[in-house]
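*Asks:* Just need the structure, nothing else, for what follows:
(one chain, ligands or ions: 1)
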Amino acid sequence: MIILEMRNVTKQFGGLTAVGNVDIQVEKDSIFGLIGPNGAGKTTIFNLITGIYKVTEGEIIFQDHPIDQLQPYQIADIGITRTFQNIRLFKKLTAYENILTACHYNASYSILDAVVRTPKYKKEEKKLGDQADKLMEIMELKDRKDIIASNLPYGLQRRLEIARALALNPKMLLLDEPAAGMNPDETIKLMELIRQIREQFNLTVVVIEHHMDLIMGLCDKIAVLNFGRKLAEGTAQEIQANPKVIEAYLGEEEVNC
Ligand SMILES: Nc1ncnc2c1ncn2[C@@H]1O[C@H](COP(=O)(O)OP(=O)(O)OP(=O)(O)O)[C@@H](O)[C@H]1O
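*Replies:* Below you'll find the predicted structure:
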């Protein structure tokens, strides 16, 4: 079953076509990879899916509904959340506070409940605190609970960002270069975590990465972009064997995975 579809999507910035006539179909519960050289249009695709940019042409369909005219907060509400290439955390808050603030997106009490501290408020706060604890545990951040976000090692800041995205209870998670700056051991650990959260949260994951080991080892399907166009699509084996990919993306070198 297809959960997300981009139909003939184009995004232009003035005379520059950042994304040109791209068709993509993402299967529910799969891990889908987007790869391509710098400037190929990958992050622009995330910005189109999440409503930060509006399409110039084409349609984006999520669970059979068009979403290309929705605002970013509406897209988060229907279950698509993301992480960013440049980590965006509350740098001066602790790891726990960063997750808890994201969990508050789901709070259903009123300002009055909060001011008067009604039983509803207390019950809800306990629930959100439990959710934050659970996310800390899953992302293996529990022993860093009280560390200020900017003092965490880079790899853990990236995991904290994923935990924040998960706090919004998404159906689809978009990860923009989650392994950037990680060493090989951290990258392998991250791969396992992505697989684990996919299972645990019944998620569909779309991931942009330059680490080929991660992409080839993790993704059910991969789309290759070049100069805003989709050059190829297929399984890791198909992509690695595709002469167009080898020539255009890897500069005629062998795909080194
Ligand atoms: N807001 C914008 N205004 C003008 N041009 C933009 C804008 N956003 C992206 N672009 C351009 O669109 C093209 C695609 O950029 P994009 O960031 O999507 O590439 P990318 O594949 O994610 O690259 P990288 O791997 O370096 O992150 C680039 O030429 C970029 O300069």
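*Asks:* Tell me the spacing between residue 122 and the ligand.
*Replies:* 44 Å (C-beta to the nearest ligand atom, to the nearest Å). C-betas here are computed from N, CA, C, even on glycine.
*Asks:* Contact partners for the spatially most central residue of the chain?
*Replies:* Nearest to the mean C-alpha position of the chain, by C-alpha atoms, centre = their mean, lies residue 174 at 1.9 Å. Counting by C-beta atoms under 8 Å, 6 or more residues apart in numbering, residue 174 makes contact with 46, 49-50, 80-83, 205-207.
*Asks:* how does it look with 10 Å?
*Replies:* 4, 32, 34, 43, 45-47, 49-50, 80-84, 165, 204-208 (C-beta atoms under 10 Å, 6 or more residues apart in numbering).
*Asks:* same thing with residue 175?
*Replies:* Applying C-beta under 10 Å, 6+ apart, the residues near residue 175 are 31, 33-34, 46, 81-85, 158, 161-162, 165, 190, 194, 205-209.
*Asks:* Can you pull the residues of this protein lying near the ligand?
*Replies:* 13, 16, 18, 36, 38-44, 85 (C-beta under 6 Å from any ligand atom).
*Asks:* which residues of the stretch 151-257 of the chain fall in strands?
*Replies:* Ranges of strands in the stretch 151-257 of the chain, per DSSP state E, counting those that start in this stretch, are 172-176, 204-208, 221-226, 229-234.
*Asks:* Could you dump those into TSV and include mean pLDDT?
*Replies:* Below are the strands of the stretch 151-257 of the chain laid out as TSV (pLDDT from 0 to 100):
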stretch	mean pLDDT
strand 172-176	97
strand 204-208	97
strand 221-226	96
strand 229-234	95
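*Asks:* what's the closest of the ones you listed to residue 90?
*Replies:* Nearest to residue 90 among the strands of the stretch 151-257 of the chain is strand 172-176; the distance by C-beta to C-beta comes to 18.6 Å.
*Asks:* quick one: low-confidence parts of the stretch 151-257 of the chain?
*Replies:* Of all residues in the stretch 151-257 of the chain, those with pLDDT under 70 make up the ranges 249-257.
*Asks:* ok, back up a step: pull out the buried residues from the contacts of residue 174.
*Replies:* Taking 16 or more other C-beta atoms under 10 Å as the criterion, what is buried in the contacts of residue 174 is 4, 32, 34, 43, 45-47, 49-50, 80-83, 165, 204-208.
*Asks:* Which ones among those residues map onto helices?
*Replies:* Within the buried ones among the contacts of residue 174, residues falling in helices by DSSP state H are 43, 45-47, 49, 165.
*Asks:* Out of those residues, which comes closest to the ligand?
*Replies:* Of all those, residue 43 has the smallest distance to the ligand: 3.3 Å, by C-beta to the nearest ligand atom.
*Asks:* And the closest one, how close does it get to residue 31?
*Replies:* The spacing between residue 43 and residue 31, counted by C-beta to C-beta, to the nearest Å, is 18 Å.
*Asks:* do residue 74 as well
*Replies:* 25 Å.
*Asks:* now the helices: where do they sit in the chain?
*Replies:* 42-49, 72-77, 95-103, 111-116, 119-138, 154-166, 184-201, 212-218, 236-241, 243-248.
*Asks:* Residue 23: which of the ones you listed is closest?
*Replies:* Going by C-beta to C-beta, the one of the helices of the chain nearest residue 23 is helix 42-49, 11.6 Å.
*Asks:* Output that closest one as PDB, nothing but the C-alphas.
*Replies:* Taking C-alpha atoms only, helix 42-49 is exported to PDB below (Å, rounded to 0.1, in the frame of the first residue of the first chain):
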ATOM      1  CA  LYS A  42      16.800  16.100  -1.800                       C
ATOM      2  CA  THR A  43      16.200  18.600   1.000                       C
ATOM      3  CA  THR A  44      13.900  20.600  -1.300                       C
ATOM      4  CA  ILE A  45      11.800  17.400  -1.500                       C
ATOM      5  CA  PHE A  46      11.600  17.200   2.300                       C
ATOM      6  CA  ASN A  47      10.600  20.900   2.400                       C
ATOM      7  CA  LEU A  48       7.900  20.300  -0.200                       C
ATOM      8  CA  ILE A  49       6.500  17.200   1.700                       C
END
